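**Q** Coordinates only, no sequence provided:
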């Protein structure tokens, strides 16, 4: 994993993004933010287990589906299964040690669970 400060590559309203094997972040101070880094590490693991490119296709399609479902971009983003898993476990710093493969599937719900 490589932590890279690239504030102009990060969309407004976001602090960072994982693109295997990199974690791009808007602010250099996030390099030492354990919760932020752990959240992005969870995304890196998700990307690896889905062989990287299919992760991004699924992520985009699920975002579109959630956007239709919720009619709100922020709520759609928060309800993407990958994000729900990462947010749920970002403060559990040992999570990736015991995480089963494809755990994000547990977060694929069709009901309107909003953050």
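**A** Thanks, I have the structure now. Since we're looking at a predicted model, the values are computed, not measured. Residues are numbered from 1 along each chain as shown.
**Q** Give the residue spans of this structure that score low on pLDDT.
**A** In the predicted model of the chain, residues 110-115 satisfy pLDDT under 70.
**Q** In space, not sequence, find me the middle residue of it.
**A** Compute the mean C-alpha point of the chain, and by Cα atoms, centre = their mean the closest residue is residue 83, 4.3 Å away.
**Q** How about the secondary structure of the residue nearest to that residue when sequence neighbours are not counted?
**A** If the residues on either side of it in the chain are set aside, residue 83 comes closest to residue 77, at 6.4 Å by Cβ to Cβ, 6 or more residues apart in numbering. C-beta coordinates here come from the backbone N, C-alpha and C atoms, glycine included. Going by DSSP: H, G, I helix; E, B strand; the rest coil, the secondary structure assigned to residue 77 is helix.
**Q** Tell me, how many residues neighbour residue 77?
**A** Residue crowding around residue 77 was assessed by other Cβ atoms under 10 Å; the count is 16.
**Q** Tell me who's in contact with it.
**A** Counting by Cβ atoms under 8 Å, 6 or more residues apart in numbering, residue 77 touches 63, 66, 83.
**Q** cool, residue 80 as well?
**A** If you count contacts by Cβ under 8 Å, 6+ apart, then residue 80 has 59, 62, 63, 66 around it.
**Q** which residue ranges form the helices in the protein?
**A** 34-49, 53-70, 73-78, 81-89, 95-98 (DSSP state H).
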